[in-house]
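1. Have a look; sequence and predicted model below, questions after that.
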Amino acid sequence: MYIIQLILILIVAGGLIAYVGDKIGMKVGRKRLSLFGLRPKYTSIIITVVTGILIALSSLGVLIAGSENIRQALFDMQALLTKLDNLNQTVEAKNQRLTTLSAKIKVVKGRKLELKRQVKNLSLQQQALTKQVNNLAHNLSLFGKKYFYSLTGDIIYPKGTVVTSDSIRGNLSQEELNYKLQQLILQAKKLATKKGLTKVTTYSQQELVKAINILNKRDNKMIVRLLAAKNTFKNEKLKLNFDLYSDYKVYQTGDIILTHEVTFTKLADLEIQLKQLKAKLNQKVIQAGMLPNKQGKVVDLTLKQLYQLVDQLRQTNKSRLVKVVAKEDIWRDDSLAQNIKFKVES
């Protein structure tokens, strides 16, 4: 609204000055007046020029009087230019700072994403470590229980103990071999139950199939032993492993397995000599092909056999030969104690 008023004032003022100048020019022309001794023609031109100058000056005066910005533009232009230059420099500096801050913000955002990934990875690692700690605690608890059981004698089957065994003829059909092995497994389960194991006895189906394939390809007899796969405590499952050996006759009826000289002086010395006899007999039969137990032994004499032998040796202080004789044919997996007898000779 203010601009419109200013324009209207300029139009009115310009028109008024032009009108006055025109009237003066017409009057000078009619009367042929002379200004400064000039010809009327030039006097009219001067009046026209002065009129135009007055119009310009009045317009400028009105603008100066009516607008502070125009006054500053006319009389303080250099200061405005300097101020504008300073403002441009300030804007450029702000823009540079904004660019720097934007770059820093980008770096911070990238770092934030990286930290989030690290936090996620650390969280996953924490979960994995927590799981490992829980597993270790569980295993340690089980180990503690088993160690306690081992101290208190609660191991029913030590690892490698022969639970049961049988001699099976090879070259049978897979169905027949599977039946025989299942019967052997059933026997192992019954023996485990008698010893106080109430949980199900397990075995590897893959090992069973492997044993069947081995037996199917053999023409001779094979000894199949079912062993305890690990130390088995009360309230645990008995896991079985299959152990196969070729079976053959080691001794025939009447064979002299061992001859050993024994001298009776006193019972303490006799006990030592009998231990030596057992050790020598054990070594001899293993070399001949008998299958040892987990402790590496075959010989496990009964008390009756030992008492009878001691009674015969106590009858004289002389050195006597003790012969270990096979009562009947002895195969690799037979019980040696039940199949031998002792002969004492002078």
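-> All right, it came through fine. Numbers count the residues shown, from 1 in each chain.
2. Do a quick rundown of the helices in this structure.
-> Remark: helices assigned in the chain by DSSP state H are 2-31, 40-66, 68-75, 77-151, 174-194, 205-217, 267-288, 303-313.
3. quick check: mean pLDDT across the longest one?
-> Mean pLDDT, taken over the full extent of helix 77-151, equals 79.
4. heads up, I number from 32, so please use that
-> With the count now opening at 32, the last piece we talked about shows up as helix 108-182.
5. helices or strands next to it in the packing?
-> With contacts defined as 3 or more CB pairs under 8 Å, 6 or more residues apart in numbering; DSSP states H and E, the packing partners of helix 108-182 are helix 99-106, strand 263-264. Every C-beta, even on glycine, is put in place using the N, C-alpha and C of the backbone.
6. Paired strands for the shortest one, with orientation please.
-> It refers to strand 263-264. Sheet pairing for strand 263-264, assigned by DSSP bridges, gives strand 186-188 (antiparallel).
7. Against residue 77, how distant is residue 83?
-> 11 Å (CB to CB, to the nearest Å).
8. An error on my part: the question was meant for residue 318.
-> Taken as CB to CB, the span from residue 318 to residue 77 is 154 Å.
9. Between those two, tell me which one has more neighbours.
-> residue 77 (15 against 8; other CB atoms under 10 Å).
10. okay, residue 218: pLDDT?
-> pLDDT, read off for residue 218, is 90.
11. residues contacting it?
-> Going by CB atoms under 8 Å, 6 or more residues apart in numbering, residue 218 touches 195, 197.
12. swap in the one 10 residues further on?
-> Taking CB under 8 Å, 6+ apart, we find residue 228 in contact with 187, 263, 265, 267-269.
13. From those, list the buried ones, please.
-> Among these, those classed as buried by 16 or more other CB atoms under 10 Å are 187, 263, 267, 269.
14. and of those residues, the nearest to residue 348?
-> Closest approach between these and residue 348, by CB to CB: residue 187, at 45.5 Å.
15. ok, that closest one to residue 272 distance?
-> 16 Å.
16. Just give me the neighbour total for residue 241.
-> Neighbour tally, residue 241, other CB under 10 Å: 13.
17. Tell me the spatial nearest neighbour of it, not counting adjacent residues.
-> Of all residues beyond its chain neighbours, the one nearest residue 241 is residue 273 (7.4 Å), with distances taken as CB to CB, 6 or more residues apart in numbering.
18. That neighbour bridge partners, please.
-> Beta-bridge partners of residue 273, as defined by DSSP bridges: residue 257.
19. do you know how far it is from residue 329?
-> 21 Å.
20. same check, this time on residue 253
-> Taking CB to CB, one finds residue 253 at 19 Å from residue 329.
21. do the same with residue 115
-> 114 Å.
22. Tell me which of those two has more neighbours.
-> More crowded of residue 115 and residue 329, by other CB under 10 Å: residue 329, with 22 against 10.
23. Test my guess that the more buried one contacts residue 317.
-> Yes: the pair formed by residue 329 and residue 317 meets the contact definition of CB atoms under 8 Å, at 5.9 Å.
24. Go ahead and flag the most central residue of the chain.
-> residue 159 (6.4 Å; CA atoms, centre = their mean).
25. The protein - how does it break down into domains?
-> Domain assignment for the chain, taken from automatic domain parsing, gives 33-106, 189-278, 281-376.
26. What count of nearby residues applies to residue 247?
-> Residue 247, neighbours per other CB under 10 Å, totals 15.
27. OK, contacts around it?
-> 201-205, 208.
28. Specify which member of these is nearest to residue 221.
-> Nearest member of the contacts of residue 247 to residue 221, counting by CB to CB, is residue 208, at 20.6 Å.
29. picking up where we left off before, ok, of the contacts of residue 247, which come out buried?
-> Buried among the contacts of residue 247 by 16+ other CB under 10 Å: 201, 203, 208.
30. For residue 167, state which of the residues you listed is nearest.
-> residue 208 (42.6 Å).
31. before we move on, the earlier item: ok, of the helices and strands packed on helix 108-182, where does mean pLDDT dip lowest?
-> Across the helices and strands packed on helix 108-182, the lowest-scoring stretch is helix 99-106, with a mean of 63.
32. that older thread, find the residues that touch each one of residue 329 and residue 317.
-> In contact with both residue 329 and residue 317: residue 323, using CB under 8 Å, 6+ apart.
33. Tell me what residue 350 is bridged to.
-> residue 294.
34. Format the buried ones among the contacts of residue 247 as a markdown table; extra columns: distance to residue 136 and pLDDT.
-> Output for the buried ones among the contacts of residue 247, formatted as a markdown table (distance: CB to CB, whole Å; pLDDT from 0 to 100):
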| residue | distance to residue 136 | pLDDT |
| --- | --- | --- |
| 201 | 81 | 79 |
| 203 | 82 | 85 |
| 208 | 77 | 89 |
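35. Need those residues in JSON lines (columns: distance to residue 240).
-> Shown next, in JSON lines, are the buried ones among the contacts of residue 247 (distance: CB to CB, whole Å):
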{"residue": "201", "distance to residue 240": "16"}
{"residue": "203", "distance to residue 240": "15"}
{"residue": "208", "distance to residue 240": "10"}
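36. Return the member of these nearest to residue 342.
-> Looking across these and measuring by CB to CB, the closest to residue 342 is residue 201, at 44.8 Å.
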